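**Student:** only geometry, no sequence info:
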């Protein structure tokens, strides 16, 4: 991502397979958001909601966008994951969550890798979930 002439390293990416699913969900539901859950319902899974169905606040961190969708994570969980780049992906099987893809017989998941030291210096800035309420 480039902003004000500076090139930032993305904190969240999306796989081609997940992009196709997101595009299908956008056709059906319109604008979407993602929230990386912190252990409720489906363990620690990325959850997809219609915009406005999940309210973010000061306990959430905006990490970037995937396929035009804002991606959030709880502040506590972000402390554990802040050194990793996340890739939103999909896998066959039904999760036990309220995420929009579940009826499709698939579920979103996160793949991650640790940032290299030079990447840590140029990460996209995070924002408070309050900025999106």
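**Tutor:** Cool, the structure landed. None of the values given here were measured: they were computed from a predicted structure.

**Student:** Next, count neighbours for residue 11.
**Tutor:** 24 (other Cβ atoms under 10 Å). Glycine gets a C-beta too; all of them are placed from N, C-alpha and C.

**Student:** so it touches residue 124, yeah?
**Tutor:** Yes. Residue 11 is in contact with residue 124 according to Cβ atoms under 8 Å; the separation is 5.6 Å.

**Student:** Can you pull the residues that touch both of the two?
**Tutor:** Common neighbours of residue 11 and residue 124, using Cβ atoms under 8 Å, 6 or more residues apart in numbering, are 63, 64.

**Student:** Check what pLDDT residue 40 gets.
**Tutor:** Listed pLDDT for residue 40 reads 55.

**Student:** Please apply the same query to residue 68.
**Tutor:** 96.

**Student:** Check the one 10 residues further on too.
**Tutor:** Per-residue confidence (pLDDT) for residue 78: 94.
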